[in-house]
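Enquirer: 3D, please:
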Amino acid sequence: MKSEIAGTYLPVVAIAGANGFVGRALARRLAASGRRVVGLTRGPTPAPIPGVEWRRCDLFSLLQCEGALEGVDQAFYLVHSMLPSAHLTQGAFQDMDLIIADNFARAAAKAGLRQIVYLGGLLPEDPDLSRHLQSRLEVEGTLGSRGVPVTALRAGIVIGAEGSSFQMMLSLLRRLPLIPCPPWARTPSQPIALPDLLELLAYCLEHPSPQNRHLDVGCPEVLSYRLMLERIARRLGLSRRFVDVPLKGTFWWRRWLRLVTGAPKELVDPLLESMRRPMVARDRRLQEEAGVPGLGFDEAVRRALSQEREPPAPERAAPQHTVRSVQRIPLPAGKTALWAAERYSEWLPLLFKTFIRAERDRDGNVRLMLLFPRLCLIEHTFAHDRSGSPDRQLFYITGGILARKDRRLTRRPRLEFREALGGAALLVAIHDYRPTLPWFLYNLTQAPLHLWVMRGFARHIQSLKKVE
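Expert: Have a look, this model is predicted:
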């Protein structure tokens, strides 16, 4: 599965996040150069791009990741799971990011990929990172933890016609004649033009590194967010007044910005968290090496505005009446996901000993039984073929009066225990679960009960650590 041009073989390249604005532009650029490009998408197949093969891949499914990366040599990872992936999502976005990055890293190692190129974020000197930036750093480390070399490009705001941050700036300027500016609007930042970023991503593809590395990229200018808004307004020909407001926190600013721009909470909140810290490239040696000094800010804005069109169609809505829950628990040193799964099946019946019993058979299957009357609430079937390693244990949810049966391989309800961050964390996750209770009743009863159980299990794990 190689592309051949003028007698030379070019690697097959997969793009995770190919339906995002950077991913679409990168796919078009690589395909136009003659490369064979595989675009990964969770939703329906996007509009065709000449030379791009689309493959369905839910990154929350390790099985689908493995299938999607078959025959692939190198990959770009341009994914950030900011938007909900299920009708009900329980868990922090950092943990969602972590689990899909781990899936991708495992699948990349199995497929024998030569390199992963990851687009992350610039990091401030302050070690107290925002949740958004800490997540980017965790993803970077996770992608490189399974043996496939990772080249991480750390970038600030990408100035492109469809970029979410750039679109929020445009909405703000076009809708308000007076722009209130908090103190952190003067925080220095170093954006990058989309054309420059595409050139640098392609350069990394052509110059793979045998080891993990991270490289800062940005335009030649360092600007505050206020100055960026002022210069965009000038380019738009808008007369806007900017007023300093001595309100330092982000609580009210988040709500105000969501109201004015219409951007979702999942995009606005992380952006404002990051704006409070300087986001400046420490060095731009990759750009010197690649001969891409970078467009100036005004030219980047001019090009973005010249390509502005109708906003892209919104992402497909999360599947109706499905649940995804990802909970992170500190894992005692030397312990594995296998150990945690065994402790869970031992501990659970002690929690509900009056009403519920957990029954485990010789094959590792677990059934939660209601004692009076005797009914199976949830049946977990141990997936032997997908749990060969002690760092991941998988159970399919196959029965019980609280679970709808769904045997599609593309969306099988499942419970998993997996190690992350080099064994420092345990992720306990439920994927694609469809409850039988009416949705409003599930949200009032079973959903909060699950979170209560997870918090109790976390305390139990920590108590075992103290005993040992």
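
Enquirer: which strand or helix spans the residue nearest to residue 130 when sequence neighbours are not counted?
Expert: Using Cβ to Cβ, 6 or more residues apart in numbering and skipping the chain neighbours, the partner closest in space to residue 130 is residue 273 (3.7 Å). Any C-beta I mention is one placed from the backbone N, CA and C, and that applies to glycine too. According to DSSP states H and E, residue 273 maps onto helix 265-275.

Enquirer: with residue 377 instead?
Expert: Using DSSP H and E, residue 377 sits within strand 375-382.

Enquirer: give me the neighbour count for the residue nearest to residue 130.
Expert: Neighbours of residue 273 under the rule other Cβ atoms under 10 Å: 17.

Enquirer: ok, now the one 10 residues further on?
Expert: Here the neighbour count serves as a burial measure; for residue 283 (other Cβ under 10 Å) it reads 10.

Enquirer: okay but it is in contact with residue 216, surely?
Expert: Yes: contact criterion Cβ atoms under 8 Å: residue 283 and residue 216 qualify, at 6.2 Å.

Enquirer: before we move on, the earlier item: so what's the residue nearest to residue 130 up against?
Expert: Residues in contact with residue 273, defined by Cβ atoms under 8 Å, 6 or more residues apart in numbering, are 130, 131, 132, 133, 250.

Enquirer: please tell me how far the first one sits from residue 183.
Expert: Put plainly, it is residue 130. The spacing between residue 130 and residue 183, counted by Cβ to Cβ, to the nearest Å, is 16 Å.

Enquirer: same check on the last one?
Expert: With distances taken as Cβ to Cβ, residue 250 is found 11 Å from residue 183.

Enquirer: who has more neighbours out of the two?
Expert: Taking other Cβ under 10 Å, residue 250 and residue 183 do not tie; residue 250 has more neighbours (19 against 12).

Enquirer: residues touching the more buried one, list them.
Expert: With Cβ under 8 Å, 6+ apart, residue 250 has these contacts: 269, 272, 273, 276.

Enquirer: just the pLDDT for the second one.
Expert: At residue 272 the predicted local distance difference test score is 83.

Enquirer: any low-confidence regions in the chain?
Expert: Scanning the chain for pLDDT under 70 picks out 1-9, 81-83, 310-320, 406-411, 466-468.

Enquirer: mind naming the longest helix for it?
Expert: Longest helix in the chain by number of residues, with DSSP state H as the criterion: helix 446-467.

Enquirer: packing partners for that one?
Expert: Applying 3 or more Cβ pairs under 8 Å, 6 or more residues apart in numbering; DSSP states H and E, one finds that helix 446-467 makes contact with strand 88-90, strand 323-330, helix 337-351, strand 425-433.

Enquirer: and the strands in the stretch 151-300 of the chain, which stretches?
Expert: Along the stretch 151-300 of the chain, counting by DSSP state E, counting those that start in this stretch, strands occupy 158-159, 178-181, 188-189, 192-193, 213-216, 223-224, 241-244.
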